[in-house]
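S.K.: from the sequence below, what's the structure:
(one chain, ligands or ions: 1)
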Amino acid sequence: MAVIAKHCQNIEIEVVDINKERINSWNNKNIHELPIFEPGLSEIVKNVRGKNLKFSNDVEKAIKTADMIFISVNTPIKRKGIGAGETSDLRWVESCARQISKLSVGHTIVVEKSTLPVKTAKTIKDILDASSPSDLDYKRSFSVLSNPEFLAEGTAIMDLEQPDRVLIGGEDIEAMNQLKDIYLNWVPEHKIICTNLWSSELSKLSANAFLAQRISSINSISAICEVTGADINEVANAVGKDSRIGCKFLKAGPGFGGSCFKKDILNLVYLSKYYGLTEVAKFWESVVRINNWQQNRIYEEIVKRLFGNLVNKKIGILGFAFKENTNDTRESPAIEICSNLINEGAILSIHDYKVPQETISRDLYPLQKDNNKKICWEYHKDVYEAIKGCDAMVLLTEWENYKNLDWGRISLNIKRPFWIFDTRSIIKREQLNDLSLNLWQLGNGNNK
Ligand code: UDX
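M.R.: This is a model prediction of the structure:
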């Protein structure tokens, strides 16, 4: 919405939420304390906030006065009942639709922005249409559009400013054109694709599934590299040079995290099973299985190299976010790997450039509960403090600064033999020369 506000100064945008605290943070005078960290976002918000972009809790007024409403709520994986663990929990989408149907005035275009299971637009439409009371003294009607978001965290502003494509799905051409006109303010027309509703919803799930599948593919090859003497970066480079394959999204690592990939694949699996497409379901399920396996094998590698015993060993964790340039930890491989290390008896010393201690505490809470609240990790703002006195360190997020650590300084304050587990392959082996530090890198056939 901030980017739309920047490019469409004639459009009044109101971002509403029932969560007062969150809206207050969006209105925070200190522009550097917005609720999410995203490079470039605070500068845009600073320029448009209070002009044509407002943040408020007055949901009712916003619905009553809106010509177009974007539903952008959470759609996490359902925890209980039919489809638990696979399909999305749509309770927030449904409650938005009910509220819109109760309060809207005149013709309202309702846009699905959240990523949703295929056919959700029908649910929204049914709710909107069913609840329109016939005895109102004014008329109202709705058009439902699907306009999935393809931005990635950390590069969100760039992805929005110069999208590969904008996708608009719908049945009402007039409504689709109105949404298209908004994007035309900065996106070239040939990049705006119009489809039917179901193609739009399915394209979003499929795009994420394809991206995740590439990561699982390269991660599976990383394990083969380690046992054959090949090097995953060399293989990825050679494979990616084929223009039919392309070089992006071929970076091996500790597995994909983030709020989208796993959820969207599981939605695809659920959809396939629902329609009896068992083999299709199994195919996509295997992408998630490889992802879990990758995280697990990294943890096993660490235990193996630390003589099968982690009890009372101190391990530095470099990076907790699911990728660089974000403070988001949802589905971060760090959660699973750290939990397993703690279970083995290790004491973790965690550092991240953007993830705050409270978030790590929330993510590791279930484990702490199991351990009778025994403190099994500490948090450090300074990366060198985090590694001090450790038996090993595990690099999990590819923060730029981790590429240039002062290994000489680190080597003065560690326990030996010291192991470095680099799951992102960003440490240069030459930098460790003569320091007697052991390095294990993911996908490297030269690991000793
Ligand atoms: C993803 C999609 O890219 C985006 O289009 C969609 O709108 C939302 O989901 P996001 O989850 O923010 O975006 O980040 P992305 O850059 O896709 O990375 C996802 C995960 O894959 C991260 O954990 C990242 O470390 C990992 N990854 C990515 C790799 O392991 N290797 C790669 O080559 C690329």
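
S.K.: need the residues of this structure near the ligand, please.
M.R.: The chain has residues 149-153, 208, 211, 215, 249-251, 253, 256-258, 260-261, 322-323 near the ligand, with proximity defined as Cβ under 6 Å from any ligand atom. Where C-beta positions appear, they are placed from N, C-alpha and C, glycine not excepted.

S.K.: could you pull out the strands in the protein for me?
M.R.: Assigned by DSSP state E, the chain shows strands spanning 13-16, 53-56, 68-71, 106-112, 140-146, 166-169, 192-195, 314-318, 347-351, 377-380, 392-395, 419-422, 438-441.

S.K.: can you tell me the strand partners of the first one and which way each runs?
M.R.: Strand 13-16 sits in its sheet next to strand 53-56 (parallel), going by DSSP bridges.

S.K.: show me what counts as buried in the partner strand.
M.R.: Judged by neighbour count using 16 or more other Cβ atoms under 10 Å, the buried positions of strand 53-56 are 53, 54, 55.

S.K.: which ones are touching the nearest residue to the second one once chain neighbours are set aside?
M.R.: What that stands for is residue 54. Nearest residue to residue 54, sequence neighbours excluded (Cβ to Cβ, 6 or more residues apart in numbering): residue 14, at 4.9 Å. Counting by Cβ atoms under 8 Å, 6 or more residues apart in numbering, residue 14 touches 54, 55, 56, 62, 66.

S.K.: which single one of those is nearest to the ligand?
M.R.: residue 55 (22.4 Å; Cβ to the nearest ligand atom).

S.K.: so who does whichever residue of the stretch 251-400 of the chain sits closest to the ligand touch?
M.R.: Nearest residue of the stretch 251-400 of the chain to the ligand: residue 258, at 2.9 Å (Cβ to the nearest ligand atom). By Cβ under 8 Å, 6+ apart, the contact set of residue 258 is 153, 322, 323, 328, 330, 331, 332.

S.K.: would you list the phi and psi of the nearest residue to the second one once chain neighbours are set aside?
M.R.: Which is residue 322. Ranked by Cβ to Cβ, 6+ apart and with sequence neighbours excluded, the top spatial neighbour of residue 322 is residue 257, at 3.0 Å. Note on residue 257: backbone dihedrals following degrees, to the nearest 10 are phi -120, psi -160.

S.K.: next up, the contacts around residue 257.
M.R.: Here residue 257 is in contact with 322, 323, 329, 330, 331, 332, 333, 334 (Cβ under 8 Å, 6+ apart).

S.K.: need the residues you listed in TSV (columns: neighbour count).
M.R.: Output for the contacts of residue 257, formatted as TSV (neighbours: other Cβ atoms under 10 Å):
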residue	neighbour count
322	26
323	21
329	24
330	18
331	20
332	29
333	26
334	29
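
S.K.: between those, which is nearest residue 282?
M.R.: Among those, residue 331 lies closest to residue 282 (Cβ to Cβ), at 21.6 Å.

S.K.: these two touch, right, the closest one and residue 295?
M.R.: No. In terms of Cβ atoms under 8 Å, residue 331 does not count as a neighbour of residue 295; the distance is 10.4 Å.

S.K.: in the stretch 1-150 of the chain, what residue comes closest to the ligand?
M.R.: Counting by Cβ to the nearest ligand atom, the stretch 1-150 of the chain gets nearest to the ligand through residue 150 (4.3 Å).

S.K.: and for that residue, the neighbour number?
M.R.: A count of nearby residues for residue 150, using other Cβ atoms under 10 Å, gives 17.

S.K.: start at 26, not 1
M.R.: All right, first residue 26 from here; so that's residue 175.

S.K.: confidence score at it?
M.R.: Looking at residue 175, its pLDDT is 96.

S.K.: that one against residue 181, yeah?
M.R.: No. The pair residue 175 / residue 181 is not scored as a contact, 10.2 Å apart, by Cβ under 8 Å.

S.K.: which residue lies nearest the spatial centre of the chain?
M.R.: Computing the C-alpha centroid of the chain and ranking residues by Cα atoms, centre = their mean puts residue 283 first, at 2.6 Å.

S.K.: where in the stretch 176-325 of the chain is pLDDT low?
M.R.: The stretch 176-325 of the chain contains no residues with pLDDT under 70.

S.K.: ranges for the helices of it?
M.R.: Applying DSSP state H, counting those that start in this stretch to the stretch 176-325 of the chain gives helices spanning 181-186, 198-208, 222-253, 257-265, 286-299, 303-330.

S.K.: so what touches the first one?
M.R.: Defining contact as Cβ under 8 Å, 6+ apart, one finds that helix 181-186 is touched by 28, 63, 64, 65, 66, 69, 175, 176, 177, 211.

S.K.: filter those residues to the buried ones?
M.R.: 28, 63, 66, 69, 175.

S.K.: now tabulate these in TSV and tack on distance to residue 104.
M.R.: Converted to TSV, the buried ones among the contacts of helix 181-186 look like this (distance: Cβ to Cβ, whole Å):
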residue	distance to residue 104
28	33
63	28
66	31
69	35
175	27
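
S.K.: ok, back up a step: between the contacts of residue 282, which is nearest residue 53?
M.R.: Set against residue 53, the nearest of the contacts of residue 282 by Cβ to Cβ is residue 354 (21.5 Å).

S.K.: my read: the closest one touches residue 345, true?
M.R.: Yes. Using Cβ under 8 Å, residue 354 is in contact with residue 345, at 5.8 Å.
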